[in-house]
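Visitor: sequence and computational prediction follow.
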Amino acid sequence: MKLSIVGAGYVGLTTAACLAQIGHNVFCSESDLEKLAQLQDGKMPIFEPHCENVIAAARKANRLHFGSTEDAIAWADAIFICVGTPPLPNGDADLHAIEAVARTIAKRASGYRLVIEKSTVPVQTAAQLRKHLSVHRTNGLTYEVASNPEFLREGTSVEDFLHPDRIVIGVDSSRAAEMLREIYEPIIQQEFTCPVHSNCPKLKDPIFLVTDTNSAELIKHASNSFLAMKISFINMVANLCEVVGADVTKVAQGMGLDPRIGAAFLNPGIGFGGFCFPKDVQAFIRIAEKSGCDFSLLKEVEKINEHRIEHFVEKVRKELWVVRGKKIAIWGLAFKPNTDDVRFAPSIALVNSLLNEGADVRAYDPEAMGKAKALLPNITYCSDPYQAAEGADAILIVTEWDEFRHVDWNRLRSAVERPLIVDGRNMLDATEVTRHGFYYVSIGRSPVTPGRPPSSEQHVLVSTDHDGNGL
Ligand code: UGA
């Protein structure tokens, strides 16, 4: 079967790369001509672990080509739509790119096409696509529309694609279901050369779930919204822990041991970001509203998340007293580790808030500084965590890059003006940090002072200064 992928963003590129990796012939298109030229030149427009190697190998094997959307559509039997659906000002998903692809399919394709929406779209988009294709088709096009939502996390998207928990397809005919099953068969059987694990065990038995298109579309929005709700829930629990002197790490551990709750996505912090959760929660609220359902639960999820930045800045204020004129090191700008993506990253709102208060911000991120520069032009970008910390009054951890766990604490101690770490991701070991003379503030746990044991033995209800005196 000849497969086309329209749109070479994180989802499209991963899909194209992995479908070629499992043996298909794939044509991937991109409308941004600069990006297309980069891809045709063997360069990667994004940082995504394993993607570059998989693409290079597939191109060498002549199984992956990049080109125009028109050519992709004319060539394929099945077309995966992977274009962006960014939020409109009112929270609705902007579907104009999807509509443009549908229009091109209607104009350019002849014979049968299976049109598969992989972009995250509101429920009933497949129905709209069917209508649109029927109205605009020429050249004797026959078609079916299927929904195949993706559950790929940035930073681990290749692994997620090849070793999924589930593959969800929404179809309205057995022909479409059979075609999609054939496409995914190597993944369902876990029979392919794995580019992620050197000695790949049969990690999972993916469930192939077949449903109608409306349900498949809803599965995607409901899944992302539920995960976002888990994060906001634990963030509120963290706030409570700070007030009553409990340890949110222990609370989350105790909750997560119940298999009905599960341990994943109970890490408190400065809030969820990225191009998926914020926009998908918004879009889901709007979908519900337009259907006459008041999903106010999700409005709270959003509100709690928006308040995370102010809550974090308040922690910084509490320690620094006056923020104006203070040198603040920001460790991490990406919305999460192992990606260079800064779209809707908490770092953006945080840095802007600190700049508004007159702070001198020095930032370091191993991958995201290139993309951050366009959004945050007025800060100093540094080549490593030590340079960012030079003369700093506080180090703020915003993204939990593994690199930050392995810094030379002695070197760092002599670089800073004041040994204060405010860890927005609860990623560091409080005992180690304080052993090196740092005062350690985190989320949902009591601050820890050098020379004093961390919160399991020390329940500090009020903030203390670096010597442990109550403030
Ligand atoms: C998310 C979903 O996890 C994927 O299943 C989905 O396919 C994808 O959106 C999408 O819709 O395309 P992603 O946005 O890449 O994936 O990132 P996540 O790992 O889910 O993290 C999202 C945000 O939540 C990050 O800012 C992260 O730091 C934050 N987070 C996550 C927490 O604050 N606490 C947690 O416990 C987990």
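Guide: Sure, I can see it.
Visitor: could you list every helix and strand that the helix or strand containing Q387 packs against?
Guide: Secondary structure from DSSP states H and E places Q387 in helix 385-389. Helix 385-389 makes packing contacts with strand 327-331, strand 360-364, helix 409-415 when contacts are defined by 3 or more CB pairs under 8 Å, 6 or more residues apart in numbering; DSSP states H and E. Where C-beta positions appear, they are placed from N, C-alpha and C, glycine not excepted.
Visitor: chain center to the helix or strand that it is followed by: distance?
Guide: Under the assignment DSSP H and E, the closest C-terminal helix or strand after helix 385-389 is strand 394-397. Mean-position distance between strand 394-397 and its chain equals 22 Å (CA atoms, centre = their mean, to the nearest Å).
Visitor: which residues touch strand 394-397?
Guide: 312, 316, 319-320, 326, 328-332, 350, 388-389, 404, 412, 416, 418, 420-425, 427-428 (CB atoms under 8 Å, 6 or more residues apart in numbering).
Visitor: return the set of buried residues in the longest helix along the chain.
Guide: With DSSP state H setting the assignment, residue counts place helix 213-244 as the longest helix in the chain. The neighbour-count check on helix 213-244 (16 or more other CB atoms under 10 Å) flags 213-214, 216-221, 224-225, 227-235, 237-239, 241-242 as buried.
Visitor: tell me, how many residues neighbour the nearest residue to R108 once chain neighbours are set aside?
Guide: Excluding the flanking residues, the one nearest R108 by CB to CB, 6 or more residues apart in numbering is I73, at 4.8 Å. For I73, the tally of surrounding residues (other CB atoms under 10 Å) stands at 22.
Visitor: try T380
Guide: Other residues close to T380 by other CB under 10 Å number 15.
Visitor: please apply the same query to K290.
Guide: K290: 10 neighbours (other CB under 10 Å).
Visitor: what does it show for phi and psi?
Guide: phi -70, psi -20 (degrees, to the nearest 10).
Visitor: V210: what secondary structure?
Guide: Recorded secondary structure, V210: strand (DSSP: H, G, I helix; E, B strand; the rest coil).
Visitor: quick one: mean pLDDT over stretch 308-325.
Guide: Averaging pLDDT along stretch 308-325 yields 97.
Visitor: does the ligand have contacts with it?
Guide: No - Stretch 308-325 lies apart from the ligand when judged by CB under 6 Å from any ligand atom; the minimum separation is 8.6 Å.
Visitor: give me phi/psi at I379?
Guide: Phi and psi for I379, reported as degrees, to the nearest 10, are phi -130, psi 170.
Visitor: distance check, it against V145.
Guide: Distance, I379 to V145, using CB to CB, to the nearest Å: 46 Å.
Visitor: between those two, who's got more neighbours?
Guide: Using other CB under 10 Å, the more surrounded residue of I379 and V145 is V145, with 26 against 21.
Visitor: list the residues that contact that one.
Guide: V115, I116, E117, A126, L129, R130, L133, D172, T213.
Visitor: how about the contacts made by the closest residue to S215 other than its chain neighbours?
Guide: In this structure, S215 finds its nearest non-sequential neighbour in G170, 6.1 Å apart by CB to CB, 6+ apart. Shown in contact with G170 (CB under 8 Å, 6+ apart): A126, A146, S147, N148, T211, D212, T213, N214, S215, A216, E217.
Visitor: which stretch among the helices and strands packed on helix 385-389 comes nearest T399?
Guide: The closest of the helices and strands packed on helix 385-389 to T399 is strand 327-331. By CB to CB, the value is 7.2 Å.
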